[in-house]
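Visitor: Predicted model and sequence below, questions to follow.
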Amino acid sequence: MAQKRKNGEGAEEMTGREKKKMKMSAARTIAVQTTPQVGPSRKGSLSAMAGNSKGCLPNAIDVEKFIEARAFEIDAMHKTMKTTSAGSTHRAWQTLPRHLRRRAASHDVRRVPLRLREKARSEMDPVRKRALGRAMPKRGKDKRVTRTESFRKRQRDKTWLETHIWHAKRMHMENLWGYRLAIRPTEKAYRPSHRASVHGSILHDASYYSVLEIKGHERTLIAMLELCCDPQGPGPGSKRSLGGSRTHETHFYKTNSYPFDLIGPVTIIWQPLNTHRPSEQSSAASSKGKAASTKHDKGKEKEQTLLPSQKESTSMGSRTVWLRFHPSMHDDVFNTLTEVASLTLAKLGAPHRQDQEANVEIADLKGHVNIFEIIGPKSSQVIKGAVSPVPSEGRDDFLKFWSSLTNLQCAGSIPRGMVIGFTVQDPRLNFPPKNAKPQPGNSSHVPSTNVTFPSSHLAISDIWDEDIRNGLSKPRFKKKDIDERRSRNEIPGTPLNALRQDNRIPILMIQRSIGTHGSDSTQALHGWTLIVPAGWSMAFFNSLVFTNTRVGGQRECQTQAYEAGAVYFPRDYPFTAAYDTHARDKESSDKRDWDRKPPAKRVNYVKLGTRSPWRADWEVVLGIAKDIRQRDEGDSPAFVTTQRDVEAGFEQSAHDVRPWLLRGSEVPRILASVSSVFNHGATLLSEIDRLRTKRGQDALGSGIKAANLMKGALINVKVTMCSRGAPQDLAIIHSLSDDASRKWERALQRRKLGEIALDHDDTSEETELAETVPPSDSIIGYVTTGHFSLARGAGFGIGAIPVTHLLELEQRTLRLHPNQKLNSKAPPMLVTVRNRDGHQWRAAHLEVLLDA
């Protein structure tokens, strides 16, 4: 038997049982307030109270005074009840909200807030001595690697954003498009992120987006962009966007290839014509003759000497335009612009004089600007509270716009794509920020009359100047310098006054909307895009995030587009190079996960009849390629020669068909023209030639047949489930026969009239219809994005089908509903949808997805 411990020996160390016993005892102890004696005796007061009532009870009690006298005891009781229940099951860091929890808080007391630090310190295990006598020797000073060098070594095959460290601590990170990007938060934030985009605000660092700057003559730039942009709607040289007051959203194609060779969506931003504000020009003229004594003044003098040359370049028609697009299409866009610039310069020649050489400059602004996207109805108040314009921003239109942000209910009330340029102070001086609060008398039902309209004067910003951007690449004061100035404030928490040496940062603020044409106002999302110079990402990011603004990754951006009913690049853009890369990566990932499971635990796609479980076979849907299974079944020794002849003829006809995606603002007009005539292909070819000639391009000519053009056309659609079910990615869209359509409509009508509850199980009729296997040739498309929509409360998906099948569905719908031909709204097109791992076909309504 072990000997008992002597008195005093090991008294400093306590066992875990003793620690837990003391912890529970302290948690169950109710604090008692000590009441000092007012006089030598209180018998007189007690006897007086007893004389006024029976049983020593007062006649009346003042409830307010009674609670105030016993507030300490009540508060102590509540605290004891709370600590007793959580004392044995929760540690200090586990009592924090989820967004404040840190993994290091479980072993580092300094990671816990101050109010819980004592409790966390008592829960920490005592420091144990190391088994070895001493630790491993450290590197010498000459061999020691700095923190900056170690970060650079980790960026050899990828690029970090300026906010990478912040995201890496809170997000799941992956390598995408040459960057290390955040995919999704580590916490369960799918529904909270959606609620933030609908009722609050959510921020996304989009600095990985590519930005190209093109400089040249205005006529040359317009001619370049018209050769590679979508000819539908207003062009890149329209008055709407040429002045720089609005952005122009379009689609980018290869040179003279419309409607084929789609690259992806592009946002075009023109620099405003007035490159300097009147106040700056007047101040520059007044101080032209003054000598500069400091380095800062010399910089001003240099800017003043550049004013005449800049005015000359502006008068000569030299312009600057930015192209912002997805990083996966960077090489294609850059190569196309280089090719288009050579063709345009050879065609137009010198824009001014014969002795002057025409040139176009194309520069990549990677690492020069940072971009933030903030979505939600509170985004305007967040931005106004986070940034502070400099006092010199005295433009009347800007002051009107800035004052309207306080009571702005939603950024959607601002004109779409509106550009606002201004200069702000260092956001660290006003940290911590406070969101602007709308006035209580303001009503959201009354439209505001204080609306600012787009103008070139309002869009002026110094961020277009390369010298100013390079001068701001590194903040003049570090964070520790700002904190030291803040510590000298007499009143803690007050903002710092801007000094003459503090940086002034020019930014661009662009209105952004996510939604489609004709979409419900409750589904569209609105917000802002902030463009700031490089080097200032964390300064703005900390201020924008501080006021309970959520931060999203790639998943949140995709979810926003999905909930708004808009397509997302590249996953919803078939027949683009970026989509092929995305589909190939997704195919390898899904196939790898499927192979890891044993045969008894994974889906058997062969028994389910899924033709292409890993990737959508768009060529088979369009009819320009044959199904592999059908081709294998048709091979037999008796029909070798005939089968080869048929396949040879099929391959020859399929070779002439080029698949393409029909998108643009004039899609409804094109579909109406095509569906109104008998020869659909000829009408479609004439519409395409009309659009090409409008932008100065040649017609497609005899090399493209009308039938082949019609056969290769694909169009995006929206799939809305009629009752139950939710389509997943790569769900299969089937067409219905007339008889099956009548049966489904009859079953859905019973559910709509209330005979069957919406959330009730399927009836025998619906179950029979859902389990009826359609023929394999009824597949007309696939769902590229689909799951349960939180905004609609039902299953919803975005997919694509051929234009030929779309016209057949319209004809079938009108044939089954002849009395609705004259109505303004066409009846919905009914189809069935089956997930690739499902065995039931659910009814859904199909609708063409239009651009905003």
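Guide: Sure thing, it's come through. What you are looking at is a predicted structure, and each value in this text was computed from that prediction instead of being measured.
Visitor: how close does residue 596 get to residue 90?
Guide: Distance, residue 596 to residue 90, by Cβ to Cβ, to the nearest Å: 37 Å. (Each C-beta comes from the backbone N, C-alpha and C, glycine too.)
Visitor: higher neighbour count, these two?
Guide: Ranked by neighbour count (other Cβ atoms under 10 Å), residue 596 and residue 90 place residue 90 first, with 12 against 9.
Visitor: name the element residue 265 belongs to?
Guide: strand 262-270 (DSSP states H and E).
Visitor: What would that strand look like as PDB? C-alpha coordinates only.
Guide: Presented in PDB, the C-alpha positions along strand 262-270 are these (Å, rounded to 0.1, in the frame of the first residue of the first chain):
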ATOM      1  CA  LEU A 262     -17.700  33.000 -76.200                       C
ATOM      2  CA  ILE A 263     -15.100  33.800 -73.600                       C
ATOM      3  CA  GLY A 264     -17.200  35.200 -70.700                       C
ATOM      4  CA  PRO A 265     -18.800  38.300 -69.100                       C
ATOM      5  CA  VAL A 266     -16.800  41.500 -68.900                       C
ATOM      6  CA  THR A 267     -17.500  44.800 -67.200                       C
ATOM      7  CA  ILE A 268     -16.200  47.900 -69.000                       C
ATOM      8  CA  ILE A 269     -15.400  51.100 -67.100                       C
ATOM      9  CA  TRP A 270     -14.500  54.300 -69.000                       C
END
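Visitor: Quick check: the gap between residue 77 and residue 70.
Guide: Residue 77 is 10 Å from residue 70, where distance means Cβ to Cβ.
Visitor: got it, and residue 502?
Guide: Using Cβ to Cβ, residue 502 is found at 54 Å from residue 70.
Visitor: now swap in residue 500 and tell me
Guide: Residue 500 sits 58 Å away from residue 70, going by Cβ to Cβ.
Visitor: Compare neighbour counts for those two and give me the winner.
Guide: Taking neighbours as other Cβ under 10 Å, residue 500 and residue 70 compare with residue 70 leading, 13 against 5.
Visitor: Kindly tell me how buried residue 32 is, as a neighbour count.
Guide: Residue 32: 9 surrounding residues under other Cβ under 10 Å.
Visitor: Tell me the secondary structure at it.
Guide: With DSSP: H, G, I helix; E, B strand; the rest coil as the basis, residue 32 sits in coil.
Visitor: Hmm, residue 77 and it touching each other?
Guide: No. Assessed by Cβ atoms under 8 Å, residue 32 is found out of contact with residue 77, at 10.9 Å.
Visitor: Compute the first-to-last residue distance for stretch 322-329.
Guide: Length of stretch 322-329, first residue to last, Cα to Cα, to the nearest Å: 15 Å.
Visitor: one step back: chain center to the strand holding residue 265: distance?
Guide: How far strand 262-270 lies from its chain's middle: 17 Å, per Cα atoms, centre = their mean, to the nearest Å.
Visitor: What pairs with it, parallel or antiparallel?
Guide: Strand 262-270 pairs in its sheet with strand 248-253 (antiparallel), strand 318-325 (antiparallel), by DSSP bridges.
Visitor: if we compare those strands, which one ends up closest to residue 267?
Guide: strand 318-325 (4.5 Å; Cβ to Cβ).
Visitor: So, low pLDDT: which residues of the stretch 751-852 of the chain?
Guide: 754-762, 820-826, 852 (pLDDT under 70).
Visitor: and if we set it to 80?
Guide: 751-764, 818-827, 852 (pLDDT under 80).
Visitor: Show me where it has its strands.
Guide: Under the criterion DSSP state E, counting those that start in this stretch, strands of the stretch 751-852 of the chain are mapped to 779-789, 794-802, 829-834, 842-848.
Visitor: Which stretches in the stretch 401-550 of the chain count as strands?
Guide: 419-425, 504-514, 525-533, 550-551.
Visitor: Including mean pLDDT and distance to residue 615, could those go into a markdown table?
Guide: Shown next, in a markdown table, are the strands of the stretch 401-550 of the chain (pLDDT from 0 to 100; distance: least, Cβ to Cβ, whole Å):
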| stretch | mean pLDDT | distance to residue 615 |
| --- | --- | --- |
| strand 419-425 | 95 | 40 |
| strand 504-514 | 95 | 27 |
| strand 525-533 | 95 | 30 |
| strand 550-551 | 94 | 32 |
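Visitor: who wins for proximity to residue 777 among the ones you listed?
Guide: Checking these against residue 777 by Cβ to Cβ gives strand 504-514 as the closest, at 36.7 Å.
Visitor: my guess is residue 831 contacts residue 735, does it?
Guide: Yes. Residue 831 is within contact range of residue 735, at 6.0 Å (criterion: Cβ under 8 Å).
Visitor: shared neighbours of these two, anything?
Guide: 780, 809 (Cβ atoms under 8 Å, 6 or more residues apart in numbering).
Visitor: These two: which is more packed in?
Guide: Taking other Cβ under 10 Å, residue 831 and residue 735 do not tie; residue 831 has more neighbours (26 against 23).
Visitor: which residues touch the closest residue to the more buried one other than its chain neighbours?
Guide: Leaving aside its sequence neighbours, residue 831 sits nearest to residue 846 (Cβ to Cβ, 6 or more residues apart in numbering; 5.1 Å). Residue 846 makes contact with 717, 718, 719, 733, 801, 809, 828, 829, 830, 831 under the criterion Cβ under 8 Å, 6+ apart.
Visitor: Dump those residues into CSV; add distance to residue 416 as well.
Guide: Converted to CSV, the contacts of residue 846 look like this (distance: Cβ to Cβ, whole Å):
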residue, distance to residue 416
717, 24
718, 21
719, 26
733, 31
801, 28
809, 31
828, 28
829, 29
830, 33
831, 32
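Visitor: which one among these gets closest to residue 771?
Guide: Once Cβ to Cβ is applied, the member of those that ends up nearest residue 771 is residue 831, at 16.7 Å.
Visitor: List the beta-bridge partners for that closest one.
Guide: Going by DSSP bridges, residue 831 forms beta bridges with residue 844.
Visitor: For it, give me its contacts.
Guide: Contacts of residue 831 (Cβ under 8 Å, 6+ apart): 719, 733, 734, 735, 736, 780, 809, 843, 844, 845, 846.
Visitor: Which among those residues count as buried?
Guide: Neighbour counting by 16 or more other Cβ atoms under 10 Å classes 719, 733, 734, 735, 736, 780, 809, 843, 844, 846 among the contacts of residue 831 as buried.
Visitor: For the residue nearest to the spatial centre of the chain, give me its contacts.
Guide: Computing the C-alpha centroid of the chain and ranking residues by Cα atoms, centre = their mean puts residue 557 first, at 2.9 Å. Contacts for residue 557 were tallied using Cβ under 8 Å, 6+ apart; they are 204, 373, 568.
Visitor: and it, that's in a strand?
Guide: No. Assigned with three-state DSSP, residue 557 falls outside any strand and is helix.
Visitor: From residue 568, how far off is it?
Guide: If you go by Cβ to Cβ, the gap between residue 557 and residue 568 works out to 8 Å.
Visitor: Next, residue 692: secondary structure please.
Guide: Taken by three-state DSSP, the conformation at residue 692 corresponds to helix.
Visitor: Might you report the residue contacts of it?
Guide: Contacts for residue 692 (Cβ under 8 Å, 6+ apart) come out as 231, 258, 698, 699, 700.
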